[in-house]
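In: just coords:
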C-alpha cells in the first residue's frame, strides 16, 4: 500500500494531464502531490504469461487442456472502453483452437453499451484474427429478447436471461482485465458473462441492488473494492451459477499498469481466479487516505477512459475519499462521445439527486443510476470540467465549465493542499 500521509510519491509544480488523446501541460507556482499507483511489477514476457495460462490455473486445467476437452468454444471479450491485453493472448489461443479443429466464436461483452465498430473489433481481436475470422464474431443486443435464453430467477428476483450463444457453446472462455467497479466491487471475471452478454431486464434487476430502498441511498456494501455481502456481486454469482450446468468456464484475468501492459495475470475457475486477481490488484494500487486535499486536479486517464461521461465519471467517484470538506476538483475528461447514453443524459433534467433516487426506486434504468451517482458527487463538491461539453451541458449535470488551462491554474492560488491524480481509474483510496 502506498502511504500518502507521509512523504508523497512525488511532488511537482509542472505536470502533464491526459485528456482524450492529447496532453495538457499545467504549470503552477506551488508544488502539488502526485498521487498515482506505483506499479513496480515489470510487464510479463510471453513465456511468463503463457506459463500462467498453462501451468498455474486456479482450480482448473490449463488453457490447452480445457480447449482439448471442449466441443464448441465461446470467447467473451471486453468492449473498446476496457483494455485487457487480449491481443497478446488471442493469437496463441486461436492457433490452439485451429490446430485442434475446434468450433469457436467470439462475442463482445457490451452489456447495454453500444456495439463495437469494425475498427474497434480489429483492435480488440487483432487485425490478423479479424481478417481471418470475422465470420465468427457474434453480436449481442440486450434489448432483443428473442436472442436470449431463460435459465431461472435468483433469490433477489433477478431473471437470468443470457445471449443464445451461451447455450450453444459448452466451453466459455473470458478474457478481461480486473479493475475496480464502483458498485460491483471489481470488474472483470464473472461480469464478462453477466452483465456482459445478459439481457437488459436482467442487468437492470441486478444493478438496482446497488440502491437501498430503506435508507434511500447507495447500499453500504455496494462500493468500490468490496465483494463481501455486496448484493450486486452476490446476485451476479448466483445468476451465473444458475446458468452454469453443462458449461465449462476458463477465465483469463489480466492486471494492467498505467500503460496497459500486462504485469500480472490469473486464470482458471471463473470465481476463484477472479478473487486472486482482485487481491493482486489491491496489493498494487491501494493508497492511504489520511491526507485530504482542498484542490485536486483529476484526469480520467485519457482515451478510452474518457470517451464519454458514463465512463469518465468513474474516475471522479474514485477520488472522493481524497477530498476534504468543500474541496474543489478540476476534472479533465474529453468525452468526445458526449454523455454516452440517452437515459443518462435525460436524467439530469431532474432538480436533485433526491428526486433522481425516488424515480429510480420507482422505475429503474441502468444509466440513470450512473447519473444519480454522479449528481450526488456534484452536489457535494465544486467540480470544474475541462471537456468537449459546452457550458449548458455542464450546467445541466452540475459541473462548472472550465474554458482553458489558464483557468485551471488560477484555481490553485487560494488552495493549500493540492494534488494531481493522473490515473484515477488505477488507484484505490482506502
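Out: Here it is on my side, so go on. From a predicted model like this one, the values you see are computed outputs, not experimental measurements.
In: Need the pLDDT of residue 424.
Out: As predicted, residue 424 sits at a pLDDT of 88.
In: Ignore what I typed, I meant residue 4.
Out: Residue 4 carries a pLDDT score of 39 in this model.
In: what does residue 291 give?
Out: With respect to pLDDT, residue 291 scores 90.
In: is it true that it touches residue 417?
Out: Yes. Counting by Cβ atoms under 8 Å, residue 291 sits close enough to residue 417 to count as a contact (7.2 Å). C-beta here means a position set from N, CA and C on the backbone, and glycine is covered the same way.
In: which residues do the two both contact?
Out: Overlap between the contact sets of residue 291 and residue 417, as judged by Cβ atoms under 8 Å, 6 or more residues apart in numbering, is given by residue 33.
In: Would you mind giving the secondary structure of the nearest residue to residue 202 once chain neighbours are set aside?
Out: Spatial nearest neighbour of residue 202, excluding adjacent residues (Cβ to Cβ, 6 or more residues apart in numbering): residue 161 at 4.9 Å. Assigned by DSSP: H, G, I helix; E, B strand; the rest coil, the conformation of residue 161 is strand.
In: tell me the contacts of residue 161?
Out: 145, 148, 149, 150, 151, 198, 199, 201, 202.
In: now do 6 Å
Out: If a contact means Cβ atoms under 6 Å, 6 or more residues apart in numbering, then residue 161 has 148, 150, 199, 202 as its contacts.
In: distance of the nearest residue to residue 400 once chain neighbours are set aside from residue 394?
Out: For residue 400, the nearest residue in space outside its immediate sequence neighbours is residue 384; the separation is 4.7 Å by Cβ to Cβ, 6+ apart. Residue 384 sits 9 Å away from residue 394, taking Cβ to Cβ, to the nearest Å as the criterion.
In: Check residue 54 too.
Out: Note on residue 54: its distance to residue 394, by Cβ to Cβ, is 50 Å.
In: Look at those two and report which has more neighbours.
Out: Neighbour totals were compared for residue 54 and residue 394, and residue 394 leads with 18 against 15 (other Cβ atoms under 10 Å).
In: Show me what the helix or strand harbouring the more buried one is packed against.
Out: Per DSSP states H and E, residue 394 falls inside helix 391-397. Using 3 or more Cβ pairs under 6 Å, 6 or more residues apart in numbering; DSSP states H and E as the contact criterion, no secondary-structure element is in contact with helix 391-397.
In: The helix or strand following it: partners in the sheet, and parallel or antiparallel?
Out: On the C-terminal side of helix 391-397, the closest following helix or strand by DSSP H and E is strand 400-401. Sheet pairing of strand 400-401 (DSSP bridges) gives strand 382-386 (parallel).
In: Please enumerate residues in contact with the strand it pairs with?
Out: Contact partners of strand 382-386, identified using Cβ under 6 Å, 6+ apart, comprise 328, 329, 330, 331, 332, 394, 399, 400, 402.
In: Going by neighbour count, list what's buried in the strand ranked longest in the chain.
Out: Longest strand in the chain, counting residues (DSSP state E): strand 22-34. Of the residues in strand 22-34, those buried under the neighbour-count criterion (16 or more other Cβ atoms under 10 Å) are 24, 26, 28, 32, 33, 34.
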